[in-house]
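**Student:** next one to model:
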Amino acid sequence: MFFTYILYSPTLDKYYIGSTAGLDERIKKHNTNHKGFTGRAGDWGLKWKEENASKSGANIRERQIKSWKSRKMIEKLIIEG
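**Tutor:** As a prediction, this is how the structure comes out:
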């Protein structure tokens, strides 16, 4: 099973959108100190997730959400589940 997910950092007041096969491990990685975007804060929490049967399906959904470039649309997705 593959997931598309949205994380939120209160410290940065930012959302992060990604996709993965191992969601728990990926969230742990985001919360470690590393050079990537999410490495700047260690308080990333899962706000939304969606299961997908294929990696390509999860990647397509990730790109779709990122293409919105709209915080309001992301927050609407989170609220509506």
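**Student:** by contact count, what packs against the longest helix along the chain?
**Tutor:** Secondary structure of the chain per DSSP state H: the longest helix is helix 55-68. The contact analysis (3 or more CB pairs under 8 Å, 6 or more residues apart in numbering; DSSP states H and E) places helix 55-68 against strand 2-9, strand 14-20, strand 45-52, helix 71-80. Placement of C-beta: from N, CA and C, glycine included.
**Student:** what sits against residue 59?
**Tutor:** residue 19 (CB atoms under 8 Å, 6 or more residues apart in numbering).
**Student:** for the one 3 residues further on, same thing?
**Tutor:** The contact partners of residue 62, taken as CB under 8 Å, 6+ apart, are 4, 17-19.
**Student:** go with 10 Å
**Tutor:** Counting by CB atoms under 10 Å, 6 or more residues apart in numbering, residue 62 makes contact with 2-6, 17-20, 50, 52.
**Student:** which of the residues you listed are buried?
**Tutor:** For the contacts of residue 62, a burial check counting by 16 or more other CB atoms under 10 Å picks out 2-6, 17-20, 50, 52.
**Student:** any chance of those in TSV, plus distance to residue 38?
**Tutor:** Listed next are the buried ones among the contacts of residue 62 as TSV, based on distance: CB to CB, whole Å:
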residue	distance to residue 38
2	19
3	16
4	16
5	12
6	12
17	11
18	9
19	14
20	13
50	19
52	21
